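J.: based on what follows, work out the 3D shape:
(2 chains)
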2 protein chains.
Amino acid sequence: MENSTSLKPTLLYEQVAHQIAALIQRGTLRSGDRIPSVRQLRSDLGVSMSTVLEAYRLLESEGWVEARPQSGYYVRSTAPILPPEPSISAPAPVVMDVGISTLLLEVLATARRPGVVSLGISETSPALLPTLRLNQFLSKVARHADISTNCYDFPPGNEFLRRRIAKRSLNWGGSLSAEDIVTTWGCMESINLCLRAVAKPGDTIAVESPVSYAFLQSFESLGMKVLEIPTHPRDGISLEALEAAIQTHDIKAVLIIPTFSNPIGSCMPEDNKRQLVEMLTQVQIPLIEDDALGELYFGDHRPKPAKAFDTEGMVMLCSSFSKDLAPGYRVGWTAPGRFRTQVEYMKHLSTIANCTLPQLAVAEFLQSGSYDRHLRRLRKALAIQVQQMFHAIGEFFPEGTKVTRPTGGMILWVELPKTVDALQLYRQAVQHNISIMPGHLFSMTTQYQHCIRINCGYPWSSEIEQALAILGQLAKQQGL
Amino acid sequence: MENSTSLKPTLLYEQVAHQIAALIQRGTLRSGDRIPSVRQLRSDLGVSMSTVLEAYRLLESEGWVEARPQSGYYVRSTAPILPPEPSISAPAPVVMDVGISTLLLEVLATARRPGVVSLGISETSPALLPTLRLNQFLSKVARHADISTNCYDFPPGNEFLRRRIAKRSLNWGGSLSAEDIVTTWGCMESINLCLRAVAKPGDTIAVESPVSYAFLQSFESLGMKVLEIPTHPRDGISLEALEAAIQTHDIKAVLIIPTFSNPIGSCMPEDNKRQLVEMLTQVQIPLIEDDALGELYFGDHRPKPAKAFDTEGMVMLCSSFSKDLAPGYRVGWTAPGRFRTQVEYMKHLSTIANCTLPQLAVAEFLQSGSYDRHLRRLRKALAIQVQQMFHAIGEFFPEGTKVTRPTGGMILWVELPKTVDALQLYRQAVQHNISIMPGHLFSMTTQYQHCIRINCGYPWSSEIEQALAILGQLAKQQGL
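T.: Next up is the predicted model:
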């Protein structure tokens, strides 16, 4: 609740709305309170009436306030409007074998059934992506390409794209060059390649807890073991706990999502990122950093990745354009620091090369400035969608439910009362054509069996609202 | 030497040339012999003079004969024109850990240096591929695609393409349906997914010997062990030896290339393929079948894959369009039989999905008939190139050199005299800007350290001829 609103204010009326939302979040304005009148805001803030009215409309559309006829705007009274935030996780400090595939197979299959309300898989709605424009770039690139575009584009991959990606590191104060980068089939391939480059079957990898099921599945199929580290829902992995773990276990690599972690949504403060890199560099343990959501911040600047503090090449930065531009194009990359040669080798031997023309199309799209324009719109849309889902969960879910407050990305982590079994809830939801991800998939411990992950990548709709209402109802019934 | 020539005769003059080449291969006509005159052939075969002259020209261009002014055509006199064929391999029957990455990393790096004569990596020359036409298909597909083409195209992948691939199984008497197929990023991804679907780190996989280095590298990075089985250069893996191995070892899967094996070029007779599938089905061991070169036969019909004899879903057929159409497009597939669900799952978690538009472009290309027209040309070109390389090796390499007689594909396996160290030869060749693959990469035994693999994917040129002459010279010097 300490967080300010996630709205990214740029226009004047957005700034006004932002200030009021912050008052609500901090508890200064509470459920049922009347918010300041047009007259008061005009004089307090020195803005025009139309600005205030625009701000009201925005606050209403995002579910912060409701209009009462002839009376004004009031903080929405549905309780609890702001479900509390989960606490830091406390997984058992034990290295574990990994096995989630049977359940995951079932969940993924149902998540992709036609007609399902998709709150399961973490993805951006196609409606929010500039697909037709990007396809035009691909069409043009293909029309003018010469025959060299049909040779094996061996690792490190297309140089024109690598230069565009490297250039974007300026946004976070980095100075990557094309030579630092290897292109891949998306962030998960980047991570798989990095894991295989620095660890062998039987090795132990330290991760956040709860942890992305995709990471767990990689460990399972690569025969690696996992050590889950306590993780704070806002600040990310506990450095103290990680340091202690390093002293007591033989950890071969640390694989985390410092910026908008999956599923917990945490974003490590810059100081923590710096300390993390220093700690790992000192003991020579590589940090595999998933930064696939790094561009999808709701605040006013891009959080620096841990890579920004990497002076000795120990950070293997992994990302892609799958969440923010083109899931269907499969263009990802990694900047694996001093392990580049090994990563290129793994890439060569696992999928040989990348597909040239889609890489070129994405590079041209970046070059044209279209990507940045698109990102500005997408960030706003996601910030609003996450807020809407957050409020709806507060409205529909049983008392005692806790919800994260991500400052970027598109997922919410929901801690239900302990009486709720998330797997049972998942199976009931499937009967209603609703897909969610049960907490069972996000840990090898039994800690999160009352938790679910909710995707907010789709624009708010009555269908989604109804799905959340049903979910809440099902959870309440379980609690009885 | 028992093989007939690999020329695929379709036109009349090709048939004539084919018959004469067969006489040379069988030793009926020997070095320096004058081949039958125009008059003789016209009367013996009942063909026109121009047909005979065309046949002469073809034989000359392929290096079988040479013209002597005012005298006629003579079998080329450079000895030995026909180096003998290697014998069946005899690897030690021991399960081995795999470790080739250090050497392979070095070899791959040098193989891709600009300006190198590329006899190392097995690839088709870009000059032989219909790239511009295929790119036009992609351009058109991208221009007309709707936004659904930018969603995750989750496994099993694009249905339109899967239907086109399934339909092609008719060519070998198969009856695959779209539902049997999972699309991938190429044959190596198919194989990696199949391996991970049926085996775990520590498990033993049986393979041919010598074996593709790409397979060895997969085992290495997946922590699997390898058991090499004796393999005949024409008939492929020894079924007796494999049967014995199955009785004495706990083999989790068999991974082989029944049709135009890499590096040995063997093509298992249909009866052997049938027996192999029956044997493995009986003991419930999956057969992972690499059929990436299956379309590149030099004879008059497509050899059936082992999958053609699979009645119980134990064969995991793997292939791609990388060798015969579009290395740069990365479109591959697998028909994994009863293991489909596990393979789809591995695909989902290792690279999530495929890139939609290149899959659609390849599907349209297949649909249009362009693929079959292209294949007919490509088969002829490769058959000729392999013959040219074969003869040049016979001409330039030291006495005692043995060479395989592949009936499809694009590689030759060369067994040099045992005094030659292939690794030293490789390193000397690199100094001359020539890339070859040393036998060290194709086994965990020490059996092939006097062998090299030669890629014949590029059209004959004076540059290639010179490279082979240098290689022969270097090998002869080593023998001194």
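
J.: now the residue at minimal distance from the centre of chain A: how far from A:D324?
T.: Centroid-nearest residue in chain A: A:G409, 3.8 Å away (criterion: CA atoms, centre = their mean). Look at A:G409 and A:D324: by CB to CB, to the nearest Å, they are 10 Å apart. All C-beta atoms are positioned from the backbone trio N, CA, C, and that covers glycine.

J.: same thing with A:F396?
T.: For A:F396, the distance to A:D324 equals 29 Å [CB to CB].

J.: picking that back up, what do A:G409 and A:D324 both touch?
T.: Shared contacts of A:G409 and A:D324 (CB atoms under 8 Å, 6 or more residues apart in numbering or on different chains): A:293, A:296.

J.: dump stretch A:51-70 to CSV, restricted to CA.
T.: C-alpha atoms of stretch A:51-70 as CSV (Å, rounded to 0.1, in the frame of the first residue of the first chain):
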residue,chain,number,x,y,z
THR,A,51,-8.3,19.3,-17.0
VAL,A,52,-10.0,18.3,-13.7
LEU,A,53,-12.9,16.7,-15.5
GLU,A,54,-10.6,14.7,-17.7
ALA,A,55,-8.8,13.6,-14.5
TYR,A,56,-12.1,12.5,-13.0
ARG,A,57,-13.0,10.5,-16.1
LEU,A,58,-9.6,8.7,-16.0
LEU,A,59,-9.9,7.9,-12.3
GLU,A,60,-13.4,6.5,-13.0
SER,A,61,-12.4,4.5,-15.9
GLU,A,62,-9.6,2.9,-13.9
GLY,A,63,-11.9,2.0,-11.1
TRP,A,64,-10.5,4.4,-8.4
VAL,A,65,-13.7,6.5,-8.0
GLU,A,66,-17.4,6.3,-8.9
ALA,A,67,-19.7,9.1,-9.8
ARG,A,68,-22.8,9.7,-7.7
PRO,A,69,-25.5,11.8,-9.4
GLN,A,70,-25.7,15.4,-8.2
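
J.: tell me the buried residues in it?
T.: Residues A:51-52, A:54-56, A:58-59, A:62-65 are the ones in stretch A:51-70 that count as buried (16 or more other CB atoms under 10 Å in any protein chain shown).

J.: same question for stretch A:159-176.
T.: A:160-166, A:168-169, A:172, A:174, A:176.

J.: check stretch A:86-93 too.
T.: A:86, A:88-89, A:91.

J.: which parts of the stretch 51-200 of chain A sit against chain B?
T.: Neighbours of chain B within the stretch 51-200 of chain A, by CB under 8 Å from any CB of the partner chain: A:101, A:104-105, A:108, A:112, A:121, A:123, A:126-127, A:129, A:131-132, A:134-136, A:138-140, A:142-143, A:145-154, A:185-186, A:188-189, A:192, A:196, A:200.

J.: any idea of the pLDDT on the residue nearest to A:S169 when sequence neighbours are not counted?
T.: Computed as CB to CB, 6 or more residues apart in numbering or on different chains, the closest residue to A:S169 that is not its neighbour in sequence is A:L176, at 4.0 Å. The model reports A:L176 with a pLDDT of 94.

J.: surely A:L176 forms part of a helix?
T.: No. Using DSSP: H, G, I helix; E, B strand; the rest coil, the secondary structure at A:L176 is coil, not a helix.

J.: how about the contacts made by it?
T.: The contact partners of A:L176, by CB under 8 Å, 6+ apart, come to A:165-166, A:169, A:335.

J.: go on, A:F396?
T.: A:468-469, A:471-473.

J.: next one: A:I434
T.: Taking CB under 8 Å, 6+ apart, we find A:I434 in contact with A:116-117, A:119, A:467, A:470-471.

J.: also A:E66?
T.: A:E66 is in contact with A:60, A:73-74, A:76-77, counting by CB under 8 Å, 6+ apart.

J.: count of residues packed around A:G32?
T.: Counted with other CB atoms under 10 Å in any protein chain shown, the neighbours of A:G32 add up to 13.

J.: shouldn't it be in contact with A:S71?
T.: No. Using CB atoms under 8 Å, A:G32 is not in contact with A:S71; the gap is 11.8 Å.

J.: grab the longest strand from chain A for me.
T.: As assigned by DSSP state E, the longest strand anywhere in chain A is strand A:225-232.

J.: show me the contact partners of the following helix or strand past it.
T.: Using DSSP states H and E, the next helix or strand after strand A:225-232 towards the C-terminus is strand A:236-237. Applying CB under 8 Å, 6+ apart, the contact partners of strand A:236-237 are A:208, A:229-231, A:256, A:258, A:261, A:266-268, A:272, A:276.
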